[in-house]
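Asker: got a sequence here, can you model it:
(one chain, ligands or ions: 1)
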Amino acid sequence: MDFRDREYSRIKRFVLSFRFAFEGIVYLLKKEQNFRIHLLVGTAVLILGFLLGLSAVKMAILFLVIGIVLSLEAMNTGIERVVDLVTEEYHPLAKKAKDVSAAAVLIFSFAAAGIGFLFFFWPLVNLLF
Ligand SMILES: Nc1ncnc2c1ncn2[C@@H]1O[C@H](COP(=O)(O)OP(=O)(O)OP(=O)(O)O)[C@@H](O)[C@H]1O
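Answerer: So this is what the prediction gives:
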């Protein structure tokens, strides 16, 4: 039975939507190396920030930035799968769609790296020297 079927209660559809989103996360963890790398780096950054005693505001910004990177990576994968669904042939528009979608992740990753540099440079310098 289709989950959009009217037989399903609103509550059940609400719970199912979480289950499907969770399945998406499992898919990303199993199949997408870039997602795993971003998750690993993000976790390491949060642990380092905690150990260096960054302020609550800075930690909140780090959480936000890491969440956005992971979400963009997930959206990028979603777009790649849709493009693959539309065509398995080489197509200039398929290339543009995938390249631009990957560019979105890269652009924000540069911004995230800039924020990381601003937050960690002096605390690390003070710790090491
Ligand atoms: N159907 C296509 N037509 C034209 N170019 C494509 C097509 N599919 C992929 N490409 C090109 O190959 C690149 C890599 O595509 P691919 O689908 O392998 O994604 P990926 O970046 O390796 O991600 P993933 O490993 O998560 O699938 C794209 O960015 C695009 O430039």
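Asker: list the buried residues of stretch 49-61.
Answerer: Within stretch 49-61, the residues that qualify as buried are 49, 54, 58, 61, counting by 16 or more other Cβ atoms under 10 Å. All C-beta atoms are positioned from the backbone trio N, CA, C, and that covers glycine.
Asker: please disregard the earlier target; I meant stretch 95-115.
Answerer: Across stretch 95-115, burial judged by 16+ other Cβ under 10 Å covers 97, 101, 102, 105, 108, 109, 112, 115.
Asker: all helices for this protein, in order.
Answerer: Using DSSP state H, the helices of the chain run over residues 10-31, 33-51, 56-86, 92-128.
Asker: nearest to the ligand, of those?
Answerer: Closest approach to the ligand among those (Cβ to the nearest ligand atom): helix 92-128, 3.4 Å.
Asker: so what's the residue most central in space within the chain closest to, chain neighbours aside?
Answerer: Geometric centre of the chain, nearest residue: residue 70, 1.0 Å, by Cα atoms, centre = their mean. Nearest residue to residue 70 in three dimensions, chain neighbours excluded: residue 38, at 5.8 Å (Cβ to Cβ, 6 or more residues apart in numbering).
Asker: state the distance from that neighbour to residue 53.
Answerer: 24 Å (Cβ to Cβ, to the nearest Å).
Asker: now do residue 110
Answerer: Residue 110 is 26 Å from residue 53, where distance means Cβ to Cβ.
Asker: how about the lowest-mean-pLDDT helix or strand in the chain against the ligand, any contact?
Answerer: Across the helices and strands of the chain, mean pLDDT, DSSP states H and E gives its lowest value to helix 10-31, namely a mean of 93. No - contact of helix 10-31 with the ligand (Cβ under 6 Å from any ligand atom) is absent, the minimum separation being 7.5 Å.
Asker: list the buried residues of that helix.
Answerer: Buried residues in helix 10-31, defined by neighbour count with 16+ other Cβ under 10 Å: residue 28.
Asker: give me every residue in the protein lying close to the ligand.
Answerer: Near the ligand, when you scan the chain using Cβ under 6 Å from any ligand atom, you find 32, 77, 80, 87, 90, 91, 94, 95, 98, 99, 102.
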